[in-house]
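[1] take a look and give me a structure for this.
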Amino acid sequence: MDDMKLTNRQIEQIKEFQRNEITEYHIYSRLAKKARNRENGKVLEKIAGEELAHYNFWKTFTGFEIKPSGIKLFIYYLLARILGLTFGVRLMERGEEQANLNYNSFIQIIPEAADIAKEEDAHEQLLINMIQEEKLKYIGSVVLGLNDALVELTGALAGLSFALQNTRVIALVGLITGIAASLSMAASEYLRTKAEEGGSKAVNAALYTGLAYIFTVILLIIPYYIFNHYLVCLLTTILVAILIIFLFNFYISVAKDYNFGKRFAEMLVISLGVAFISFWIGFLIRNVIGIEV
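    Here you go, the predicted model:
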């Protein structure tokens, strides 16, 4: 190592490697201390140990102690605490993909960089897959509640908007419909889960489904209590629905390592397709039956 000549630019790049590794060491260490699940804590401690080892390896080339990135430490720790360990950790590791490419550029002069890149890419992913989170066990129930609420209520509000053209009445009818549908969905999910997996998980599955449904209903109906023109309300509701679909599918794509584009497009087409059809059904009903509110 003493005979190795590194340019100033390479040394600065290695310092960035150090900063990334020591930052992730502190993130994993803090999460390990806060982990309720003992096994999760052990997994996080093991990953933290690897990050510290990587930091010390790069330190031998610079001779500098590097402080962690305070902003990155705060953001990823907060995300992991609020949105779950798996989401926070996987999102952080996605950022490491570029670091791995940079490691590969050093393989010719520092052969050991290849081993670090492999650990970052493969071993840590294996450890991350070992993390157990209750909320991810019921992600199917959340998908059921959220997807049904988006499809059914967006469609219902689109049809009601043109049929009734009274924002307060539309909001009231939509809220009643949404609450009734959320209870129905929760009950159906309880019975389905109980029949397939037993009663221990049925209550939780029903709660996740019902809460996801009612939360989505509230967000979709809010525009009808804010604006006065039914078309403005409908347009805002559709934009809210698109935002919900985007955020939810981004979360799932990170936490479960799914294809974001495909799932987002599929959910968007279904929700907006139903809304479009329902809008024209409302148009026909209003003009054929002649409803006036």
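[2] for the rest of this, base every contact and every neighbour count on C-alpha atoms.
    Noted.
[3] where does the stretch 101-250 of the chain dip in pLDDT?
    Counting by pLDDT under 70, the low-confidence segments of the stretch 101-250 of the chain come to 101, 121-136, 198-200.
[4] in it, what residue spans correspond to helices?
    With helices called from DSSP state H, counting those that start in this stretch, the stretch 101-250 of the chain shows them at 113-118, 124-128, 134-137, 139-164, 167-197, 199-221, 223-226, 230-255.
[5] need the nearest residue in space to Asn104, chain neighbours excluded.
    Distances taken as Cα to Cα, 6 or more residues apart in numbering put Ala114 closest to Asn104, at 6.3 Å, once the chain neighbours are dropped.
[6] one more: Val274?
    Nearest-residue entry for Val274: Gly155, 5.3 Å, with adjacent residues in sequence omitted and distances by Cα to Cα, 6+ apart.
[7] do the same with Met267
    With Cα to Cα, 6+ apart as the measure, Ile245 is the residue that lies nearest to Met267, at 7.0 Å, once sequence neighbours are left out.
[8] mean neighbour count, the helices of the stretch 101-250 of the chain: which tops it?
    Highest mean neighbour count of the helices of the stretch 101-250 of the chain: helix 139-164, a mean of 24 (counted as mean count of other Cα atoms under 10 Å).
[9] chain center to that helix, what's the gap?
    Centroid displacement of helix 139-164 relative to its chain, using Cα atoms, centre = their mean, to the nearest Å, is 20 Å.
[10] next: stretch 216-230.
    Computed by Cα atoms, centre = their mean, the chain-centroid distance of stretch 216-230 equals 24 Å.
[11] now do stretch 78-91
    Counting by Cα atoms, centre = their mean, stretch 78-91 comes out at 9 Å from the chain centroid.
[12] now the terminal residues of that stretch, how far apart.
    Across its full length, stretch 78-91 reaches 12 Å between end residues, using Cα to Cα, to the nearest Å.
[13] so where does Arg41 fall, helix or strand?
    One thing to correct before we go on: residue 41 is Gly, not Arg. Gly41 belongs to helix 38-62 when assigned by DSSP states H and E.
[14] how near is Asn40 to Arg90?
    Counting by Cα to Cα, the gap from Asn40 to Arg90 is 14 Å.
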